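**Student:** build the 3D model from these lines:
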Amino acid sequence: MYPLKYCLSLLVNVCLAQQPTSSDDDFFDPQVDPIASTIEGRLRLAVSEDVLVRSVVVKFPKVGAVEKVDRQKIEGYWWLTLESRHSDDIEQSVFLAVRLKPDDNGNYFEDSFWTACIGEGCGGCDFKYQLDGCFCRFDRPGEPGTPGACYQATSDERLMTKVSIKR
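**Tutor:** Here you go, the predicted model:
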């Protein structure tokens, strides 16, 4: 009887080990909780925009007031993107992209690579691989015909951090 108990116990432990791990229900942990999931062929956010923004702002406070959270396909990878104002001044903008990595179940998690485009005299930074990275979408505010500038910063360290789901 002992070997049967042992085998059943081992089988249960193996099955439990294959279940996706999830953090505490009151927290979003980008190490174990998906950021997005594929649902009916479309990539959908699995967490509220508010939670994602707070998870980024802890380590990257310069992101400022986020105006748009989206998903974009860049260089064959899905990325979580945030567009924001660096300050109250329209001339400061930030475009932040966090690369996502898929699992076998259609869930996407934070990868350890991110890039930021930080504007100087630019009301809207963007990122296009074909344009060698960051660029300013608009002329310098108040100075038509004068291009603004966006500077690129990249890192291979995780950006997002564990945060409470509740505000």
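**Student:** just the strands in this structure please.
**Tutor:** 27-28, 36-39, 42-45, 65-74, 77-85, 93-102, 107-120, 125-128, 133-136, 149-155, 163-164 (DSSP state E).
**Student:** can you list the strands that the fourth one pairs with?
**Tutor:** If you go by DSSP bridges, strand 65-74 pairs up with strand 77-85 (antiparallel).
**Student:** what does the average pLDDT come to for the strand it pairs with?
**Tutor:** Averaging pLDDT along strand 77-85 gives 91.
**Student:** which residues sit against that strand?
**Tutor:** By Cβ atoms under 8 Å, 6 or more residues apart in numbering, the residues outside strand 77-85 that reach it are 35-36, 43, 52-53, 56, 63-73, 92-102, 108, 110-111, 124-125. C-beta here means a position set from N, CA and C on the backbone, and glycine is covered the same way.
**Student:** do you know the pLDDT at the closest residue to residue 158 other than its chain neighbours?
**Tutor:** Closest residue to residue 158 apart from its sequence neighbours, by Cβ to Cβ, 6 or more residues apart in numbering: residue 112 at 5.2 Å. Looking at residue 112, its pLDDT stands at 92.
**Student:** over to residue 9?
**Tutor:** 45.
**Student:** likewise residue 51?
**Tutor:** 96.
**Student:** hmm, it is touching residue 163, no?
**Tutor:** Yes: contact criterion Cβ atoms under 8 Å: residue 51 and residue 163 qualify, at 6.3 Å.
**Student:** overlap in contacts of the two?
**Tutor:** Counting by Cβ under 8 Å, 6+ apart, the residues touching both residue 51 and residue 163 are residue 28.
**Student:** in this protein, what helix or strand scores lowest on average pLDDT?
**Tutor:** Ranked by mean pLDDT, DSSP states H and E, the weakest helix or strand in the chain is helix 2-17, scoring a mean of 41.
**Student:** would you mind checking the contacts of strand 77-85 for buried ones?
**Tutor:** Buried subset of those (neighbour count, 16 or more other Cβ atoms under 10 Å): 35-36, 43, 52-53, 56, 63-64, 66, 69, 71, 92-100, 102, 108, 110-111, 124-125.
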